[in-house]
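K.L.:
Build the 3D model from these lines:
(chains A and B)
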Amino acid sequence: MPVHSMLKYTISLLAMLLVSYCARAQEDEDSTANKKVVVTQNQLCIGADFFQPVINSFSGAKKSYEIMIDYALEKDVYAVLEGGFGNAKVDYTSPALRYTSSNSFFRMGVNKSMLTRMHRNDWDCVFIGVRYAMGFIRRSDAYYEIENQYFGNTSGMVPATGMTAHWLELTGGLRVELFKGICAGYNVRTKFLMNPKAFRELAPYYIAGFGKGEKTAVFDFNMYISYAIRWAKKKPTAPQQ
Amino acid sequence: MIKRADIVLLLCMALGVAVLSCTQQRSPCFEPKIVSVALGTYRLAGDTVEVDTFLTDPEFICIDTPLRQTISAKNRFSALLSPFVDSTRWLIIPHYDDSTAPATLPEAYDTLTFYHSQKLTFISNACGYAYYYTLTGVKTTYNSIDSILITNNSVDNNASTQHVKIYY
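P.N.:
I've put the predicted structure just below:
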């Protein structure tokens, strides 16, 4: 899918998400007419993606695991750090192509909640965000075969190598507190590889955290379950007389 | 506040997506995995104007292999190169569209020798690797052929490029 189409699709999706939840937020806002909620707690949320292990269980060829941490800053902005690791195995025949790859990655960025708080313990959010991400990839020796029915087949090996991937993400999603401190939510993401030239020579089939290594733009989905740790904010000290 | 029903609905959707998206199958390869030298036959009409020369039922035979082509497009055809050596020879039996020419006689046959270097190139995970070539030279006999010219020496998966012009 071309990058501009993907970008258009993502923006449309995020816009739909925002419109639907802003409408709901508007209803909520009307019912709590002009109440200004003062946040009295800090929140640190630690979570894991439970969607990837579901995919892993169906796929023998790729594995990916991911965790996330976010911290509530001022004005419904959250600082986010995400990380994980994974691997992939390519074992194709006719013509043969065989190698394995593994990688770790991290992402950092911010989310901005678009929902108005109904009360001070309301931590549900519908958000949009951006990320910068890096992946550190290790590919094994790759065995290949080239079929040629006229002159005969050839085969060989491309030596193992390491690569670094940089990408940017636009993301949107929601998170809801199911029980006290236990939250669940999802992210949709569009990812744009910033250094595709590094992957011209045998791009890995799969990069954990990014997706298909041959693509410069990919669409992805995460579902997180997380635990929120909250503690009281320090009250501002009164100026001494 | 967000309703818990929203989350349950999304969980069901996510599981559906997971089942559909998780199988790894090799994508189909839409790129040519064996590339060839594209040739065209011409004759000069005047000093600078060149026109296509159509050969009648020509045959194009790769020497040292069993490969033998009867060319359907009489003025455009292609030659495969060997990935094992640095030169590949082809024999053209022209069968001129001129009843007075002794085209079927061995004296009318010409041998083209392509000199090349090959480069191992990764196409994609779906297609794997292929050899692309750089033409370093071409030689011919001049029984029927007047002259020969390399117009593009990069032999890759670009199907619109003509690499060699043969003048009769």
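
K.L.:
going forward, measure contacts and count neighbours with C-alpha atoms only.
P.N.:
Will do.

K.L.:
now B:Y132, which residues is it bridged with?
P.N.:
Note on B:Y132: beta-bridge partners by DSSP bridges are B:K119.

K.L.:
Can you tell me how far it is from A:I146?
P.N.:
Using CA to CA, to the nearest Å, one gets 12 Å for the distance from B:Y132 to A:I146.

K.L.:
Would you mind listing what in chain A touches chain B?
P.N.:
A:25, A:28, A:51, A:54-56, A:58-59, A:61, A:92, A:95-97, A:117-118, A:122, A:124-125, A:144-146, A:148, A:150-151, A:176, A:178, A:184-185, A:200-203, A:205, A:214, A:223 (CA under 8 Å from any CA of the partner chain).

K.L.:
Which ones among those map onto strands?
P.N.:
Those of the residues of chain A next to chain B mapping onto strands are A:Y92, A:L97, A:C125, A:Y144, A:E145, A:I146, A:V176, A:L178, A:A184, A:G185, A:M223, per DSSP state E.

K.L.:
Filter the residues of chain A next to chain B down to the buried ones.
P.N.:
Buried subset of these (neighbour count, 16 or more other CA atoms under 10 Å in any protein chain shown): A:25, A:28, A:51, A:55-56, A:58-59, A:61, A:92, A:95-97, A:117-118, A:122, A:124-125, A:144-146, A:151, A:176, A:178, A:184-185, A:202-203, A:205, A:214, A:223.

K.L.:
Quick check: nearest residue in space to A:M68, chain neighbours excluded?
P.N.:
The shortest distance from A:M68 to any non-neighbouring residue, by CA to CA, 6 or more residues apart in numbering or on different chains, is to A:E82 (4.2 Å).

K.L.:
Surely that neighbour is in contact with A:V110?
P.N.:
No: counting by CA atoms under 8 Å, A:E82 sits too far from A:V110 to count as a contact (10.8 Å).

K.L.:
Any idea how many residues pack against B:T161?
P.N.:
Neighbourhood size, B:T161 [other CA atoms under 10 Å in any protein chain shown]: 16.

K.L.:
Same check on A:S104?
P.N.:
20.

K.L.:
these two touch, right, it and A:G162?
P.N.:
No: using CA under 8 Å, A:S104 makes no contact with A:G162, being 11.8 Å away.

K.L.:
between the two, what contacts are shared?
P.N.:
A:F136, A:I137 (CA atoms under 8 Å, 6 or more residues apart in numbering or on different chains).

K.L.:
still on that earlier bit, how close does the residue nearest to A:M68 sit to A:N153?
P.N.:
Here A:E82 is placed at a distance of 45 Å from A:N153 (CA to CA).

K.L.:
A:Y227: which element?
P.N.:
If you go by DSSP states H and E, A:Y227 is part of strand A:217-232.

K.L.:
for that strand, packing partners?
P.N.:
helix A:3-31, strand A:41-49, helix A:51-58, strand A:182-193, strand A:211-212 (3 or more CA pairs under 8 Å, 6 or more residues apart in numbering or on different chains; DSSP states H and E).

K.L.:
how far is stretch B:114-130 from where the chain is centred?
P.N.:
13 Å (CA atoms, centre = their mean, to the nearest Å).

K.L.:
How about exporting it as CSV, limited to the C-alpha atoms?
P.N.:
Written as CSV, here are the backbone C-alpha positions of stretch B:114-130 (Å, rounded to 0.1, in the frame of the first residue of the first chain):
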residue,chain,number,x,y,z
PHE,B,114,28.0,-11.4,-24.9
TYR,B,115,30.7,-10.6,-22.3
HIS,B,116,29.2,-9.8,-18.9
SER,B,117,29.7,-9.7,-15.2
GLN,B,118,27.0,-10.8,-12.9
LYS,B,119,25.7,-9.4,-9.6
LEU,B,120,23.7,-11.3,-7.0
THR,B,121,20.7,-9.2,-6.3
PHE,B,122,18.0,-9.6,-3.6
ILE,B,123,14.6,-9.0,-5.1
SER,B,124,12.2,-9.8,-2.2
ASN,B,125,11.4,-12.5,0.3
ALA,B,126,8.7,-13.7,-2.1
CYS,B,127,11.1,-13.9,-5.1
GLY,B,128,14.4,-14.6,-3.4
TYR,B,129,17.6,-13.8,-5.2
ALA,B,130,18.4,-13.3,-8.9
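
K.L.:
Can you list the buried residues in that stretch?
P.N.:
B:114-118, B:121-130.

K.L.:
In strands only, show me those residues.
P.N.:
Within the buried residues of stretch B:114-130, residues falling in strands by DSSP E are B:F114, B:Y115, B:H116, B:S117, B:Q118, B:T121, B:F122, B:I123, B:S124, B:G128, B:Y129, B:A130.

K.L.:
wait, isn't the first one in contact with B:I148?
P.N.:
No: under the criterion of CA under 8 Å, B:F114 lies out of contact with B:I148, with a separation of 11.3 Å.

K.L.:
Count the residues that sit near A:K180.
P.N.:
9.

K.L.:
For chain B, see how far away it is.
P.N.:
13 Å (CA to the nearest CA, to the nearest Å).

K.L.:
Also A:F219?
P.N.:
For A:F219, the distance to chain B - CA to the nearest CA - is 12 Å.

K.L.:
Settle this for me: that residue is touching A:L193, isn't it.
P.N.:
No: in this structure A:F219 lies outside contact range of A:L193 using CA under 8 Å: 11.6 Å.

K.L.:
residue ranges with poor pLDDT in the chain?
P.N.:
Using chain A here. Along chain A, the parts satisfying pLDDT under 70 run over A:1-36, A:236-241.

K.L.:
oops, I was thinking of chain B
P.N.:
In chain B (pLDDT under 70), the answer is B:1-26, B:56, B:68-73, B:96-105.

K.L.:
Mind jotting down where the helices sit in it?
P.N.:
For chain B, the helices defined by DSSP state H cover B:4-21.

K.L.:
Compare A:E82 and A:N153 and say which is more crowded by neighbours.
P.N.:
Each of A:E82 and A:N153 has its neighbours counted (other CA under 10 Å); A:E82 has more, 20 against 13.

K.L.:
what's the more buried one in contact with, if anything?
P.N.:
Taking CA under 8 Å, 6+ apart as the criterion, A:E82 is in contact with A:E66, A:I67, A:M68, A:I69, A:F106, A:R107, A:M108.

K.L.:
Next, the first one: secondary structure please.
P.N.:
Under the three-state scheme (DSSP: H, G, I helix; E, B strand; the rest coil), the conformation of A:E66 reads as strand.

K.L.:
With that, I have no additional questions.
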